[in-house]
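In: fold the following, please.
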Amino acid sequence: MQNSAVPEGISAPAIVIEGVVKRFGDLTAVDGVSLTIPRGICYGLLGPNGAGKTTLSRMIGAVGRCDAGTLRVLGRDPWQEQSEVKARLGVVMQDEVFDEDLNVLRNLQISGLFYGRKGAAYEAKIREMLKFMQLEGREQMPTQALSGGMRRRLMIARALLNDPEILILDEPTTGLDPQVRHAIWSTLRALKAKGLTILLTTHYMEEAEQLTDQVGILNKGKLIAEGAPAELIAKTLTKFVLEFDAQGSEAELKALGERTAVERHGDRGFIFHDSEDQLRQWSFESKLKGAHVRAASLEDVFLKLTGRTLDE
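Out: As a prediction, the model looks like this:
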C-alpha cells in the first residue's frame, strides 16, 4: 500500500472540484461533489457502475461541462480553456479509438499531429514510450492484430506522448489477465515516482490499494467517503473479518446471529471483529462453509458504505 504523503515541494493542487453537478435529463450523475487532488499523487475514484466516476473524469478531461459548481484543472477551467487544459493532460478512457487500418507507429505519429508534434524529436519520443510500455518491436503491427493487453498499453503510451502533467485513467485494466495488470501497475508506479499526477477510476479494490495515495468513493453521484486506503479501512471497519459461504447455512447463521452481527452480500457472509482469535473460534464452533479469517480490506469498506457489489 502506498504512502499518502504528498511529495516535498508540491503544494498547488492539480485538481480542485467544488460543488460540481452534472445532469442528464432527470438523472443527476454527479451531485454536488467537492474534492481536491494534490499534485504528484495517484487519486482513485471508486464506486458502483453508474456512481458518476466516468462522468466526473470526462469533465476533468475537458470533454464534458458541469451544470453547477466550479472545476479547476491545473488552475484552469477545463471547459472554457479546453485547448490549454487538454495539452497538459494524458487521457485513457474506456472506449479505445485507433485507426485499425494503420500500424502502431503510424497511429502514434498521427496522434502527435493533434499537438503539432512531429520530426526527429517526436519520433524519438514515440520510440521511448513504446519501450517504456514494453511494445518495442511492435511498431509495424496493425493495431487490429494487437492483444487486449497490448492495446491498453498502447493507449497509455499514446497518452504520455505530450508529456502530460496529469494522467487520467478510466478503468485501465478491466478485462486484462493478471500478468498484464501487474505490468501496468508497475508502469504507473514508475510514472508516479517521477512526479506525475494520476487520476484512476477502477473496479478493482486490490488495484486501488496497490496504487493510490488517496481514494474517493462515489455512490449515486455523491462523494460518500475520502481518504488514504489504510485510513478508510481503520476508520470504517474492525481489524479482521470472517468471510464464508452464506448459501445453505441458514441454521448456522441464525445461531451465530444471536451472538454477533452478520452481514450478507450476495452469496457471501461477513463478520467483523477486532479479535482474530474470536473470529476463528466462531468459525470453528459454527462449522461455516468455506470460512476464512483475513485482515479487513478496501473492498470491505466499499461494500459497507455502498451496500452493493461492484458490478451492480
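In: got the buried residues for the helix or strand of the chain with the lowest mean pLDDT?
Out: Using mean pLDDT, DSSP states H and E, the weakest-scoring helix or strand in the chain turns out to be helix 250-257, at a mean of 71. Counting neighbours by 16 or more other CB atoms under 10 Å, one finds that the buried residues in helix 250-257 are E252, L253, L256. Just so you know, the C-beta spots here come from the backbone N, C-alpha and C atoms, and that holds for glycine as well.
In: now do stretch 218-231
Out: L218, N219, G221, L223, A225, E226, G227, A228, P229.
In: can you list the buried residues of helix 250-257 in a markdown table and add distance to L188?
Out: Formatted as a markdown table, these follow (distance: CB to CB, whole Å):
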| residue | distance to L188 |
| --- | --- |
| E252 | 43 |
| L253 | 41 |
| L256 | 41 |
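In: out of those, which is nearest to G148?
Out: Of all the buried residues of helix 250-257, L253 has the smallest distance to G148: 40.4 Å, by CB to CB.
In: ok, longest helix in the chain?
Out: helix 178-193 (DSSP state H).
In: pull the residues that contact the helix or strand that that one is followed by.
Out: Proceeding N to C from helix 178-193, the next assigned helix or strand is strand 197-201, under DSSP states H and E. For strand 197-201, the surrounding residues in contact (CB atoms under 8 Å, 6 or more residues apart in numbering) are 14-15, 37-46, 53-54, 57, 60, 165-172, 188, 191-192, 207-208, 211-212.
In: neighbouring strands - and their directions - for strand 197-201?
Out: Strand pairing for strand 197-201, using DSSP bridges, gives strand 42-46 (parallel), strand 166-170 (parallel).
In: A295 is nearest to which of those strands?
Out: For A295, the closest of those is strand 42-46, at 18.8 Å, according to CB to CB.
In: average pLDDT for the closest one?
Out: For strand 42-46, mean pLDDT is 96.
In: how big is the angle separating it from helix 178-193?
Out: Taking axes from the mean of the first three to the mean of the last three CA atoms, to 10 degrees, strand 42-46 and helix 178-193 form an angle of 130 degrees between their directions.
In: any idea how far the helix or strand just after strand 42-46 is from the middle of the chain?
Out: Counting by DSSP H and E, the element after strand 42-46 in chain order, helix or strand, is helix 53-60. The chain centre lies 12 Å from the centre of helix 53-60; the measure is CA atoms, centre = their mean, to the nearest Å.
In: what's the answer for stretch 154-169, then?
Out: 15 Å.
In: now that stretch: buried residues?
Out: 154-162, 164-169.
In: can you tell me which of those residues end up in helices?
Out: L154, M155, I156, A157, R158, A159.
In: can you put the residues you listed in a markdown table and add distance to F98 and pLDDT?
Out: Shown next, in a markdown table, are these (distance: CB to CB, whole Å; pLDDT from 0 to 100):
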| residue | distance to F98 | pLDDT |
| --- | --- | --- |
| L154 | 7 | 92 |
| M155 | 8 | 92 |
| I156 | 13 | 93 |
| A157 | 12 | 92 |
| R158 | 9 | 92 |
| A159 | 13 | 93 |
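In: what's the closest of those residues to V73?
Out: A159 (15.3 Å).
In: so the closest residue in space to the closest one that isn't next to it in sequence: helix, strand or coil?
Out: Among residues not flanking A159 along the chain, G90 sits closest, at 3.4 Å (CB to CB, 6 or more residues apart in numbering). Look at G90: counting by DSSP: H, G, I helix; E, B strand; the rest coil, its state is strand.
In: show me where the stretch 101-250 of the chain has strands.
Out: Using DSSP state E, counting those that start in this stretch, the strands assigned to the stretch 101-250 of the chain run over residues 166-170, 197-201, 214-219, 222-227, 240-245.
In: let's have those strands in TSV, adding distance to S286 and mean pLDDT.
Out: As requested, those are arranged in TSV below (distance: least, CB to CB, whole Å; pLDDT from 0 to 100):
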stretch	distance to S286	mean pLDDT
strand 166-170	42	96
strand 197-201	38	96
strand 214-219	31	96
strand 222-227	31	96
strand 240-245	8	92
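In: export these to CSV and tack on distance to D67?
Out: As requested, the strands of the stretch 101-250 of the chain are arranged in CSV below (distance: least, CB to CB, whole Å):
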stretch, distance to D67
strand 166-170, 21
strand 197-201, 20
strand 214-219, 17
strand 222-227, 15
strand 240-245, 40
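In: of all the ones you listed, which lies closest to A296?
Out: Closest among the strands of the stretch 101-250 of the chain, using CB to CB: strand 240-245, at 5.1 Å.
In: what helices and strands are in contact with that closest one?
Out: strand 268-273, helix 276-286, strand 292-295 (3 or more CB pairs under 8 Å, 6 or more residues apart in numbering; DSSP states H and E).
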